[in-house]
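# Using only what follows, build the 3D model:
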Amino acid sequence: MNHKTIYLLLGPKGSGKTFIGTLIQDTFSIKFVRVEDWALKVKRGRNIGDDSYLREVFETIENGIRSELLEQDKVVFESTGLTEYFDHMLNRLRKEFKLVTIKVMAEEGLCLERVNTRDRSIHINVSDDEVRRINRLAVDKELPCDFSITNNIKTEKELLVELRKILSRK
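Have a look, this model is predicted:
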């Protein structure tokens, strides 16, 4: 197995994965790879449920993460963890790299509120009903994770305490 480490933030839309990824980068100097940027480029007008789009997105993410790891020893990225293409990507990455999964959860209403108030130019935009549907699927999938963060009303300082504990474990 490679000595490189991937931290994967998993959870519903609006749970705070992007915020936490940015916090990890800014505080611990572990590059946060905004894979949603790649998904937006791949989208090209296609529906987010389109099978060819999903396949291409996760191929692009996997290739991009591998490319980042040529330059970095550690990276962090985020996903809701849905689709079979995510599962296949995760299994391939896990075979080759140390993969640490961190579940990020928040209350349903808070997730929706965060989605509706965030910068829409850097996220894939979906309706409130679609956010609810995606988030229910993300919660129901119950991917096994190494660590868990409940991100309802935590301050940045409280999140940093939790992250410091997680990132210090080898």
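
# Next, the buried residues of stretch 55-72.
By neighbour count with 16 or more other CB atoms under 10 Å, stretch 55-72 contains the buried residues Glu56, Val57, Phe58, Ile61, Glu62, Gly64, Ile65, Arg66, Glu68, Leu69, Gln72. From N, CA and C alone the C-beta is placed, and that goes for glycine too.

# Quick check, pLDDT for the second one.
Right, Val57. As predicted, Val57 sits at a pLDDT of 91.

# can you pull the contacts of it?
Applying CB atoms under 8 Å, 6 or more residues apart in numbering, we find Val57 in contact with Trp38, Ala39, Val42, Tyr85.

# how long is stretch 6-17 from one end to the other?
End-to-end distance for stretch 6-17, by CA to CA, to the nearest Å: 15 Å.

# buried ones in that stretch?
Within stretch 6-17, the residues that count as buried by 16+ other CB under 10 Å are Ile6, Tyr7, Leu8, Leu9, Leu10, Gly11, Pro12, Lys13, Gly14, Ser15, Gly16, Lys17.

# will you turn those into a markdown table that also has secondary structure, distance to Asp51 and pLDDT?
As requested, these are exported to a markdown table (DSSP: H, G, I helix; E, B strand; the rest coil; distance: CB to CB, whole Å; pLDDT from 0 to 100):
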| residue | secondary structure | distance to Asp51 | pLDDT |
| --- | --- | --- | --- |
| Ile6 | strand | 25 | 98 |
| Tyr7 | strand | 28 | 98 |
| Leu8 | strand | 23 | 97 |
| Leu9 | strand | 25 | 97 |
| Leu10 | strand | 22 | 95 |
| Gly11 | coil | 24 | 93 |
| Pro12 | coil | 22 | 93 |
| Lys13 | coil | 20 | 90 |
| Gly14 | coil | 25 | 91 |
| Ser15 | coil | 26 | 92 |
| Gly16 | coil | 29 | 93 |
| Lys17 | helix | 24 | 94 |
